[in-house]
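Asks: Output the structure for:
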Amino acid sequence: MKSAAKRILLETLGWILVLVGIAALLLPGPGLLALFAGVALLATQYEWAERRLESVKKAALRTAADSVRTWPRILMSSVGVVWLVALGIYWGHSPPAPTWWPIDDRWWLMGGWGTGATLVGSGIIAGVMVVYSYVHFRETRERP
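Replies: Residues are numbered from 1 along each chain as shown. The predicted structure follows:
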């Protein structure tokens, strides 16, 4: 009974992470990281996931290394992190709709702190990933 519950929990969490990862490839957030985590969990249960785990890991590591290859990329990643956190805080405060907003005011920044906290959380995770990538993948030696 205990192993069945563990299997259901791992599969459910794995599929949730895969879906979140796919969504985060298009939306703000660490998509490849979530996708890798989901496939890693599913690899404990499925052979097909185990076969795909290495390619997802390589893609995630390649993307992490590419994100800190040049200073403009590091700067833009950092700006993106600050933007996500600031947007989340702004969204959480649910300011009134601006005068240019063409739709009813109740449709302005729906979600309040639920949405704002998600944006802040994505920004924090992205910031941690930028620092991790910088520490682990940034080449510090001078190139000839």
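Asks: Now do Asp105 against Leu87, distance only.
Replies: Asp105 sits 19 Å away from Leu87, going by CB to CB, to the nearest Å. To be clear about C-beta, it is placed using only N, CA and C from the backbone, and glycine gets the same treatment.
Asks: Which one's more surrounded, the two?
Replies: When Asp105 and Leu87 are compared for neighbours, Leu87 comes out ahead with 18 against 10, by other CB atoms under 10 Å.
Asks: In CSV, list the C-alpha atoms belonging to the helix or strand that contains the more buried one.
Replies: Leu87 is part of helix 71-93, with elements assigned from DSSP states H and E. Presented in CSV, the C-alpha positions along helix 71-93 are these (Å, rounded to 0.1, in the frame of the first residue of the first chain):
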residue,chain,number,x,y,z
TRP,A,71,27.9,40.2,-20.2
PRO,A,72,24.9,41.5,-22.2
ARG,A,73,23.1,38.2,-21.6
ILE,A,74,23.9,38.3,-17.9
LEU,A,75,22.6,41.9,-17.8
MET,A,76,19.4,41.1,-19.7
SER,A,77,18.8,38.1,-17.4
SER,A,78,19.3,40.2,-14.4
VAL,A,79,16.9,42.9,-15.8
GLY,A,80,14.4,40.1,-16.4
VAL,A,81,14.7,38.9,-12.8
VAL,A,82,14.2,42.4,-11.4
TRP,A,83,11.3,43.0,-13.8
LEU,A,84,9.5,39.8,-12.8
VAL,A,85,9.8,40.6,-9.1
ALA,A,86,8.8,44.2,-9.5
LEU,A,87,5.8,43.2,-11.7
GLY,A,88,4.8,40.6,-9.1
ILE,A,89,4.8,43.2,-6.3
TYR,A,90,3.0,45.7,-8.4
TRP,A,91,0.4,43.1,-9.4
GLY,A,92,-0.1,42.0,-5.8
HIS,A,93,-1.0,45.5,-4.7
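Asks: Between helix 71-93 and the very next helix or strand once past it, find me the angle.
Replies: Once the chain leaves helix 71-93, the next helix or strand it forms, by DSSP H and E, is helix 112-137. Direction vectors for helix 112-137 and helix 71-93, defined by axes from the mean of the first three to the mean of the last three CA atoms, to 10 degrees, enclose an angle of 160 degrees.
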